[in-house]
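Participant: can't give you the sequence, but here's the structure:
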């Protein structure tokens, strides 16, 4: 249980690497060979995705703050499992929103572009998962 809490804290409160979103978006558009019409649709999709994730991040910050505010109680009880479950649900929601975003992006592609899409997803997967395989991945400072 303590390890789970520690991982959630590290994941949520740890510094997030800066995301050059327009750089990635432009690179995806270029690699897939999007037309101007596809680029415009992708731009709208990306804006919607970004806004949905921003709202969930904001909710998550509030919940994590509430979770850790339990420590300031004179005699803290067991950590609030309900708050922890809500935080984990928000993470699940963010993953599903991102998955659906890329599924929608794939639907925007022509048959020829879908072949390239599979290669693009495999290449950007480390960035999506914050994987150690990601080149030039910024290291998180120790807690």
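Facilitator: It's in. Everything numeric here is computed off the predicted structure, so don't read it as measured data.
Participant: which stretches of this structure have low pLDDT?
Facilitator: For the chain, the stretches flagged by pLDDT under 70 are 1-22, 76, 132-143.
Participant: other SSEs contacting the strand or helix carrying residue 91?
Facilitator: Assigned by DSSP states H and E, residue 91 falls within helix 81-108. Packing partners of helix 81-108 (3 or more CB pairs under 8 Å, 6 or more residues apart in numbering; DSSP states H and E): helix 2-13, helix 36-69, helix 111-129. For glycine as for every other residue, the C-beta is placed from the backbone atoms N, C-alpha and C.
Participant: the longest one: which residues count as buried?
Facilitator: When neighbours are counted by 16 or more other CB atoms under 10 Å, the buried residues of helix 36-69 are found to be 38, 39, 42, 45, 46, 49, 52, 56, 60, 63, 64, 67.
Participant: of all those, which two lie farthest apart?
Facilitator: Considering CB to CB, no two members of these lie farther apart than 38 and 67, which are separated by 41.9 Å.
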